[in-house]
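Colleague: sequence and computational prediction follow.
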Amino acid sequence: LIQLDAALHGLATLRRLELQANELTHLPPSALELAQLELLDVQSNALTGLAPAELRALGGETQGTPTTPTAPGPRRLRVCLAKNPLLCDCGARALLTLLYKTPRQVPDARSLRCAAPQALQGVSLLALNESTLTCELEASYVFFGIVLALIGVVFLMVLYLNRRGIKRWTRNLREACRDQMEGYHYRYEQDADPRRSGTASSSGTL
């Protein structure tokens, strides 16, 4: 990829670039900077998707990132992506948005198929929506939230079913605390009684 990228420098008038079956995992950055390039054919490679920088170069939007073209007229560039092992997770949402907004940029969009995860293997990318494209981490958070919600419901049910026992326990605890405080108060009054201090001093004199 490095050698290919270096070879593309200076080919300012190149209009069509065919790179089928080269086991590419990324698009050559130099190809995306060619102002007159009209077709980039990267079918049958090892692309699992398009990186945010590649989508921006094509004029597509990434999550929360405005469109920032890197070359004049970036939407003229068409990219053929068929027969690549696309990973249909949350990272493919921006690519799916690009396919819906500017379908002419990917002429073979209807031929794009998911290679992973296994549940979506062979499914057309255009048949999916953003809610379907989830990542394992997102799924873990959802599952964790559901578990926490169930634990909360069980805890509230236990409190409700044992409300009388809890009220009795609270009352007993309050009474025990009150008795303890009364004991401390009584001892404080005894220690502060001047008659007891006078008696103690008299016995000391004797």
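Modeller: Yes, it's here. Numbering: from 1, shown residues only.

Colleague: for Ala46, grab phi and psi.
Modeller: Main-chain torsions, Ala46, degrees, to the nearest 10: phi -110, psi 30.

Colleague: wait, it sits on Asn84?
Modeller: Yes - with contact taken as CB atoms under 8 Å, Ala46 and Asn84 are classed as touching, separated by 7.1 Å. In this view, the C-beta of every residue, glycine as well, is placed from N, C-alpha and C.

Colleague: more neighbours, these two?
Modeller: Comparing Ala46 with Asn84 by other CB atoms under 10 Å, the one with more neighbours is Asn84, at 21 against 13.

Colleague: on the three-state scheme, the residue nearest to that one when sequence neighbours are not counted is what?
Modeller: If you skip the residues right next to it in sequence, Asn84 has Leu47 as its closest partner in space, 4.1 Å away by CB to CB, 6 or more residues apart in numbering. Per DSSP: H, G, I helix; E, B strand; the rest coil, the secondary structure class of Leu47 is coil.

Colleague: now do Tyr160
Modeller: When classified by three-state DSSP, Tyr160 comes out as helix.

Colleague: mind giving me the domain ranges of the chain?
Modeller: Taking the TED database as the reference, the chain has its domains at 1-135, 136-192.

Colleague: show me what the mean pLDDT comes to for the shortest one.
Modeller: So the one you mean is domain 136-192. Per-residue pLDDT over domain 136-192 has a mean of 73.

Colleague: sorry, back to before: just name the most buried of the domains of the chain.
Modeller: domain 1-135 (a mean of 16; mean count of other CB atoms under 10 Å).

Colleague: any idea how far apart the tips of that one sit?
Modeller: The first and final residues of domain 1-135 sit 28 Å from each other (CA to CA, to the nearest Å).

Colleague: please apply the same query to stretch 18-35.
Modeller: This stretch, stretch 18-35, spans 16 Å end to end (CA to CA).

Colleague: so the residue nearest to Asn84 versus Gln36, what's the distance?
Modeller: Counting by CB to CB, to the nearest Å, the gap from Leu47 to Gln36 is 23 Å.

Colleague: same question, Leu99
Modeller: Note on Leu99: its distance to Gln36, by CB to CB, is 24 Å.

Colleague: and if you look at Thr25?
Modeller: Taking CB to CB as the measure, Thr25 and Gln36 are separated by 26 Å.
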